[in-house]
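Chemist: just a sequence and a predicted model for now, questions to come.
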Amino acid sequence: MTCRVTLWGARGSIPTPGPLTARYGGNTSCVTLHADGPEGRSLVILDAGTGIRPLGRALVEASQEPLVADLLISHTHWDHIQGLPFFAPFYDERSHIRIWGARQGQVPLEQILREQMNPVVFPVPLHQLDATLSVTHVEPGSFGVGTFDVRALRMRHPGNTLAYRLTPRTGGPSVVFAPDNELGPGGNYDVGPTWRRDLVAFIAGADLLVHDAMFTADEMDRYSGWGHSSHVEAVALALEAGVRRLVLFHHRPERTDDALDELFSDARMRAARGNGNLEVIAGFEGLEISL
Ligand SMILES: [Zn+2]
Ligand SMILES: [Zn+2]
């Protein structure tokens, strides 16, 4: 089984178009995992931030075949669902898209997605989309999505936020997607006392970890409790869990391309000091990684 990971949006919180962010991109969280193996081809989409719009266009341009895909949502903050109404395959009656994610408190995922497309804020209601959609709730634990075995773990982030670990059912590389997560001590989240140990075990040995690196170490003093991590903490986690490659993700909206260059080179220096085997990858729109 071969897998290909593609980033369609790597920005956090809000889209940031403009000349100062053109190299790394301004679209928010969206990553795809294409798998090709004996069970055929499959596509899993991780998050539906504004990066899902260019993904939809690329899918439509690449093939006239109807789209069958799974969409896993980490949580329903705007930057992870806001592109959903602009996903072109939704407007093709031959598309079949299965959406997976957690409820928020007592509010079902489908209700959150429906209200995002309420007629007072968007012209096309969810139930009038042409595609066939299904929405399935997931909880921390194990379940299957398409040709993948998936494990989900609660993150330290406001709301019910999950990270996902995906491994092809027939064997192959593991990818962990953890876009929003506070590794530092700040904040008050609904996780148990063994959380850090559980997190390291959850990530251990993954071929690729996509992790929140919204802040610098200096900024963490001010933003402790906001539900995000520094690149320093992300590198330390990757080293502790023995992952092969770390993609730094969910860039702060204010971070320019030049400032991101500095952040990434600092992260690479720290990784090299750690053990030399961890590859730190700068998350940018259009990045493709074959596993
Ligand atoms: Zn976010
Ligand atoms: Zn969030």
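Modeler: Now that the structure is in, tell me what you want to look at. Ligands and ions are numbered 1, 2, ... in the order given.

Chemist: closest residue of the stretch 1-150 of the chain to ligand 2?
Modeler: Distances between the stretch 1-150 of the chain and ligand 2 by C-beta to the ion are smallest at His77, namely 3.5 Å. The C-beta positions use only the backbone N, C-alpha and C, and glycine is treated the same way.

Chemist: check contacts around that residue.
Modeler: 158-159, 180 (C-beta atoms under 8 Å, 6 or more residues apart in numbering).

Chemist: from these, pick out the ones that also neighbour ligand 2.
Modeler: Asp180 (C-beta under 5 Å from the ion).

Chemist: by neighbour count, which of the contacts of His77 wins?
Modeler: In terms of neighbours by other C-beta atoms under 10 Å, the contacts of His77 top out with Asp180 at 30 neighbours.

Chemist: my guess is it contacts His157, does it?
Modeler: Yes - assessed by C-beta atoms under 8 Å, Asp180 is found in contact with His157 at 4.5 Å.

Chemist: which neighbours do the two share?
Modeler: What both Asp180 and His157 touch, as defined by C-beta under 8 Å, 6+ apart, is the set 75, 227-228.

Chemist: emit the PyMOL select command for whichever of the residues you listed are buried.
Modeler: Per 16 or more other C-beta atoms under 10 Å, the buried members of the shared contacts of Asp180 and His157 correspond to this PyMOL selection:
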select buried, resi 75+227+228
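
Chemist: let me have the shared contacts of Asp180 and His157 in TSV, extended by pLDDT, distance to Gly186 and secondary structure.
Modeler: Output for the shared contacts of Asp180 and His157, formatted as TSV (pLDDT from 0 to 100; distance: C-beta to C-beta, whole Å; DSSP: H, G, I helix; E, B strand; the rest coil):
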residue	pLDDT	distance to Gly186	secondary structure
His75	98	18	coil
Gly227	98	9	coil
His228	98	10	coil
